[in-house]
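Enquirer: Structure for the following, please:
(chains A and B)
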Number of protein chains: 2
Amino acid sequence: MVFLTVEKTRFEMVKKRHSKTYVDAKAEGMVDSQLISLWDAVLKSENYFSSSGCAGRILLLGLPKNASKKEAYFHRKFHRKVLLREIIAGVEENEKGELWLKQEPFILHIGCENISGARELLKVMRRAGIKRGGIMVAEPGKFIIECQGTQSLSLPVKQGKTQIIGKEALSELVKEANKKLEKNYVSLKKFEKELDDIL
Amino acid sequence: MVFLTVEKTRFEMVKKRHSKTYVDAKAEGMVDSQLISLWDAVLKSENYFSSSGCAGRILLLGLPKNASKKEAYFHRKFHRKVLLREIIAGVEENEKGELWLKQEPFILHIGCENISGARELLKVMRRAGIKRGGIMVAEPGKFIIECQGTQSLSLPVKQGKTQIIGKEALSELVKEANKKLEKNYVSLKKFEKELDDIL
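Expert: Sure, this is the predicted structure:
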């Protein structure tokens, strides 16, 4: 007979729930393909679970006039590199409020049972050269670590019907966004490799 | 006679060292004015210390050709709102590598002795609506929490001698950067108010 502590029991429950969420999401094709090998390894591990994640993306983010950040909506969302014409079409089709072009880095939430597991993850982050993130939840049996890349690009490209950024500039910015997304994937792979050592 | 634990002794030492660094930096005018009331309150507190911080800034960041992020240098750095002509002058004076216009949010590093102090800080962050950050260092007697705003703008404006972003667009982008820096200060003040409740 095995006796479990309250913390261990809670951790097992939380890991089970999150593992199911992941397996279901994967079956439905809702998981970023660049994250599958990483999350599969976490799933098989004894001491960690995946809570949520995005491998990085390129967006056209809409902001209604005088709106707060909470009212922002995805006008276009790409979990991959983009073509200039996709961005131009997206920009042309929006004529209300503000439209931002954004490249966002990966963001992962990984859970574990206790502070020693969390410390191991912080070390993994450091070894992979990832500076942003940390322990966000520190409850008995449920620690969640956020781990975020740093590659980003973000600027308004259109206000109402007025395009602030012309096509030529947009072409350079899309090139940069793609370049940064690529660097972001390299950084993510580096993290995956380091993480693998402790799973 | 008072007996101190190893953790308490370490914390007292670290707090003393960081407090001295802060007091010296303040005397030399090296502390962002928007942070002084917050850091002064932390200094007087029993359980927390300031490790480092920036109240938010607007930059022209230079990147030598084919260089890594580590080789980036500050071509211009403003810990306040900027005038369009300051940015235009900065852009015109740079003709090598890539030049990025950036508005960065506040970033604070606050220390405490143990996980319960760190949990209090995470709650303060949540109450103030701050989503980015977490416990970065979790050692006995030395916990460091990172707390970061989310307002940001970041794009390349010049490549070598070629200005990607013209003056008209630059004028809109500088307006946005100033607006975002202002929102960033409001968010910082909100955090300061919430933090005050636990000091």
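Enquirer: CA atoms for contacts and neighbours, from now on please.
Expert: OK.
Enquirer: could you pull out the strands for chain A?
Expert: Applying DSSP state E to chain A gives strands spanning A:48-54, A:57-63, A:73-78, A:98-104, A:107-112, A:132-139, A:142-148, A:153-159, A:162-163.
Enquirer: how much does the biggest helix by length in chain A deviate in direction from strand B:153-159?
Expert: The longest helix of chain A (DSSP state H) is helix A:167-196. Put simply, helix A:167-196 runs at 120 degrees to strand B:153-159, going by axes from the mean of the first three to the mean of the last three Cα atoms, to 10 degrees.
Enquirer: now the angle between strand A:142-148 and helix A:167-196, please.
Expert: Going by the same axes, to 10 degrees, helix A:167-196 makes 140 degrees with strand A:142-148.
Enquirer: by contact count, what packs against helix A:167-196?
Expert: Applying 3 or more Cα pairs under 8 Å, 6 or more residues apart in numbering or on different chains; DSSP states H and E, one finds that helix A:167-196 makes contact with strand A:57-63, helix A:84-92, strand A:98-104, helix A:115-127.
Enquirer: rewinding a little: tabulate the strands of chain A (JSON lines), appending mean neighbour count and mean pLDDT.
Expert: Shown next, in JSON lines, are the strands of chain A (neighbours: other Cα atoms under 10 Å in any protein chain shown; pLDDT from 0 to 100):
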{"stretch": "strand A:48-54", "mean neighbour count": "21", "mean pLDDT": "95"}
{"stretch": "strand A:57-63", "mean neighbour count": "23", "mean pLDDT": "96"}
{"stretch": "strand A:73-78", "mean neighbour count": "14", "mean pLDDT": "96"}
{"stretch": "strand A:98-104", "mean neighbour count": "25", "mean pLDDT": "97"}
{"stretch": "strand A:107-112", "mean neighbour count": "23", "mean pLDDT": "97"}
{"stretch": "strand A:132-139", "mean neighbour count": "23", "mean pLDDT": "94"}
{"stretch": "strand A:142-148", "mean neighbour count": "25", "mean pLDDT": "96"}
{"stretch": "strand A:153-159", "mean neighbour count": "23", "mean pLDDT": "96"}
{"stretch": "strand A:162-163", "mean neighbour count": "14", "mean pLDDT": "94"}
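Enquirer: Can you say which of those strands is nearest to B:Leu99?
Expert: Taking Cα to Cα, strand A:153-159 is the member of the strands of chain A nearest to B:Leu99, at 13.1 Å.
Enquirer: What is that closest one packed up against?
Expert: Using 3+ Cα pairs under 8 Å, 6+ apart, strand A:153-159 sits against strand A:98-104, strand B:153-159.
Enquirer: CA atoms of the last one as PDB?
Expert: C-alpha atoms of strand B:153-159 as PDB (Å, rounded to 0.1, in the frame of the first residue of the first chain):
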ATOM      1  CA  LEU B 153       6.000  48.700 -29.100                       C
ATOM      2  CA  SER B 154       8.900  47.400 -31.100                       C
ATOM      3  CA  LEU B 155       9.900  47.700 -34.700                       C
ATOM      4  CA  PRO B 156      12.900  48.200 -37.000                       C
ATOM      5  CA  VAL B 157      13.000  51.800 -38.400                       C
ATOM      6  CA  LYS B 158      16.200  51.800 -40.300                       C
ATOM      7  CA  GLN B 159      18.500  49.300 -42.000                       C
END
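Enquirer: Right, I'll call it a day here.
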